[in-house]
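Colleague: Turn this into a model:
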Amino acid sequence: MKPAGSKAKAAATGDTALVVGAHGRHVVIETPSGERMLAHARGKKSACVVGDRVQWQPAGDEAVVEALVPRRNLLMRQDEWRSKSFAANLDQLLVVLSGEPMFSESQLTRALIATEDAGISATLLLNKIDLPTAALARERLLPYKAMGFTVLETALTTQPEASIALLTPALGGKTTLVLGASGMGKSTLINLMLPLAQAQVGEISQALNAGRHTTTTTTWYWLDADDRTNGGALLDSPGFQEFGLMHITPQRLPELMPDLRKHLGECRFYNCTHLHEPGCGVRSAVERGEISPSRYRLYEGLWAELSEGQQKG
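Modeller: Now for the predicted structure:
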């Protein structure tokens, strides 16, 4: 981090920096040389999220964000009251799951739908495979493997070396957002892959002067601080307990669920909702066992939820 009291180096026209921390109007930006400084956006509130690239100018000891570089993607959630952007310009999402406590298929499905909507690939990590409950968790993930999702298996606590060996090639060179409900092992993964993670988050927190907010905002960690071009990064974001999808219309749901999408061309009616129409290819696939009943029930629930939200809107 830039020492307090020193002047921010002047940015040449078109210079860009990476947003590595954000809260309200304030962000922490990192220049290509690795210098970090506190910055604020012009206006009342910043539209920047972690992972954004921004154009900036010096402003005394700090910096001003002048413009947002167009994003490749943005992962977000939205409920009835507000929307939350997790991060931008991601290469992949890593969802940490376990059988103890047993993961929520509803949470997983919602995250994967949002990821599909944003055009980001997703990998699933089944943790705690050393526990007896792993067998049931593995079985519940079979439909996702059939859809083409990569499912990695680890025991982060009891088999750390093997876990690092498995995760290093999966994460190297990529910008990965890590999601996981409480108890799944997300923090264990972050601390295992990034021994200096607490130092990094402390640095960003100190710059924002908002240490109490570090558990409610996304945080950027370099996997290899000496190779920021090819080493990759992990982004840790909390708040996986609720994952609203109000930014997605119910009509788009089947397109964002790979197992349903596979059968969309088999329906008699072009505007089939896959809920009650005769000649529905999706419901026929459920009856044949090609779509798991649990996935179809999730679809029905999400359709009802999003339809109700659409009517209120």
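Colleague: use CA for all of it now, contacts and neighbours both
Modeller: OK.
Colleague: what's the helix or strand hosting A17 in contact with?
Modeller: Taking DSSP states H and E as the definition, A17 sits inside strand 16-23. Contact with strand 16-23 is made by 27-32, 48-56, 204, 208, 213, 217-220, as judged by C-alpha atoms under 8 Å, 6 or more residues apart in numbering.
Colleague: before we move on, what about stretch 277-294?
Modeller: Contacts for stretch 277-294 (C-alpha under 8 Å, 6+ apart): 143, 259-260, 263-269, 272, 274-275, 296.
Colleague: same deal with stretch 223-238?
Modeller: 86, 171-180, 190, 193-194, 215-222.
Colleague: of those residues, buried ones?
Modeller: 86, 171-180, 190, 193-194, 217-222 (16 or more other C-alpha atoms under 10 Å).
Colleague: which residue sits closest to R268, ignoring its sequence neighbours?
Modeller: Nearest-residue entry for R268: G279, 5.1 Å, with adjacent residues in sequence omitted and distances by C-alpha to C-alpha, 6 or more residues apart in numbering.
Colleague: what number of residues lie near G231?
Modeller: 17 (other C-alpha atoms under 10 Å).
Colleague: So what does it have for phi and psi?
Modeller: The phi/psi pair for G231 (degrees, to the nearest 10) reads phi -70, psi -30.
Colleague: can you tell me how far it sits from R82?
Modeller: 34 Å (C-alpha to C-alpha, to the nearest Å).
Colleague: biggest helix in this protein by residues?
Modeller: Secondary structure of the chain read by DSSP state H shows that its longest helix is helix 293-312.
Colleague: residues touching R268, list them.
Modeller: P278, G279, C280, G281.
Colleague: Just the buried ones from those residues?
Modeller: Members of the contacts of R268 classed as buried by 16+ other C-alpha under 10 Å are C280, G281.
Colleague: Secondary structure and pLDDT added to the contacts of R268, as CSV?
Modeller: Converted to CSV, the contacts of R268 look like this (DSSP: H, G, I helix; E, B strand; the rest coil; pLDDT from 0 to 100):
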residue, secondary structure, pLDDT
P278, coil, 97
G279, coil, 98
C280, coil, 98
G281, helix, 98
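Colleague: Next, count neighbours for L136.
Modeller: 12.
Colleague: Touching, A63 and R42? I think so.
Modeller: No. Taking contacts as C-alpha atoms under 8 Å, A63 lies outside contact range of R42: 10.5 Å.
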